[in-house]
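A.B. asks: below is the sequence, then the predicted model.
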Amino acid sequence: MAGLLEQKVGFITGAASGIGRAAAAAMVREGARVVVIDLSDTVHETHQFIKGMGGESVSWQIDVRDAEAVAKVVDDTVSRWGGIHVACNAAGIFPESTSATEWGSAEAFDVTLDVNCRGVLNAMTAQLHHMMNAGAGAIVNVASQASFSGRWAAGYTASKHAVVGLTRSAAIHYAANGIRINAVCPGLVETGLTSAILADSNRRAELAARHPMNRVGTAEEIADAILFLLSDRSSFITGHALMVDGGACAM
């Protein structure tokens, strides 16, 4: 049986670890070749991991805030493999304190918005340019439960609200071109991004209790949702923000 993404080319930002790496692996398991990018040089470890799976990949160490660099990688991908069919924009940071007494700083706000919001815009702009020419494509942006909640610090909350807004706006504008654009909104997931928060057992228990399932999620669980939204099994879904949060936003 053919995989869900057989013969397709995937493009993943934030692929050095966590949800991005899990998404890349899920795409490869379903038959895709992938381009993986990240600011961290450990993105090359993701490339080696995929090779170990028997998959094909190319890795690039670039900053998603650099629109020109992102566009060049997208152009290289199209030249190398003939197109980009599916994309997952997972690059993101969480540099701010979650303390109620340290709600946000101007510097942290600017950096967080630049990576989490403009980075998604830069990636989508480049991806959509080529998908428009092909008349087809699917993009999933990684947002957060913070897209619908004010629990977290200012910049992170604002940036993840913005990711959903970008997703919905682009979905409307490009639906007639055969391109579907959705978002996944994870609850708290065990990744390098959250390791400092979850290292304290009491804090971990407190945060897990905010989810009715009383646990944090895994990157692979989020990757499964991304895979669904990228595949033809979600062919009538666009502009949607899918909660994958253990029921947190139902509380």
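C.D. replies: Looks like it arrived, so ask away.

A.B. asks: find the nearest non-adjacent residue to Gly150, please.
C.D. replies: The shortest distance from Gly150 to any non-neighbouring residue, by C-beta to C-beta, 6 or more residues apart in numbering, is to Thr157 (5.8 Å). Quick note: C-beta positions are derived from backbone N, CA and C, even for glycine.

A.B. asks: checking the one you found next. Helix, strand or coil?
C.D. replies: Following DSSP: H, G, I helix; E, B strand; the rest coil, Thr157 is assigned to helix.

A.B. asks: tally of neighbours for it?
C.D. replies: By the criterion of other C-beta atoms under 10 Å, Thr157 has 21 neighbours.

A.B. asks: how about Asp41?
C.D. replies: With other C-beta under 10 Å as criterion, Asp41 counts 10.

A.B. asks: now name the helix or strand holding it.
C.D. replies: Asp41 is part of no helix or strand when elements are defined by DSSP states H and E.

A.B. asks: contact partners for the nearest residue to it once chain neighbours are set aside?
C.D. replies: With sequence-adjacent residues excluded and distances taken as C-beta to C-beta, 6+ apart, Asp41 is closest to Gln61, at 5.4 Å. Taking C-beta atoms under 8 Å, 6 or more residues apart in numbering, we find Gln61 in contact with Ile37, Asp38, Leu39, Ser40, Asp41, Val43, His44.

A.B. asks: now Gln61: how far from Ser40?
C.D. replies: Applying C-beta to C-beta, to the nearest Å, the value for Gln61 to Ser40 is 7 Å.

A.B. asks: among the contacts of Gln61, which ones are buried?
C.D. replies: Buried members of the contacts of Gln61, scored by 16 or more other C-beta atoms under 10 Å, are Ile37, Asp38, Leu39, Val43, His44.

A.B. asks: which of the helices or strands spans the first one?
C.D. replies: Using DSSP H and E, the element containing Ile37 is strand 33-38.

A.B. asks: off-centre distance for that strand?
C.D. replies: Distance of strand 33-38 from its chain centroid, counting by C-alpha atoms, centre = their mean, to the nearest Å, is 12 Å.

A.B. asks: ok, residues contacting that strand?
C.D. replies: 8-17, 20-21, 24, 27-28, 43, 46-47, 50, 55-62, 64, 70, 73, 77, 81, 84, 91.

A.B. asks: what pLDDT, on average, does stretch 73-83 get?
C.D. replies: Mean pLDDT, stretch 73-83: 97.

A.B. asks: pull the CA atoms of it into CSV?
C.D. replies: Only the C-alpha atoms of stretch 73-83 are listed here, as CSV (Å, rounded to 0.1, in the frame of the first residue of the first chain):
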residue,chain,number,x,y,z
VAL,A,73,16.2,27.0,-0.2
VAL,A,74,12.7,26.7,-1.6
ASP,A,75,14.0,27.5,-5.1
ASP,A,76,16.8,24.9,-4.6
THR,A,77,14.2,22.3,-3.5
VAL,A,78,12.1,22.9,-6.6
SER,A,79,15.1,22.7,-8.9
ARG,A,80,16.4,19.6,-7.1
TRP,A,81,13.1,17.6,-6.9
GLY,A,82,10.6,19.3,-9.1
GLY,A,83,8.4,21.0,-6.6
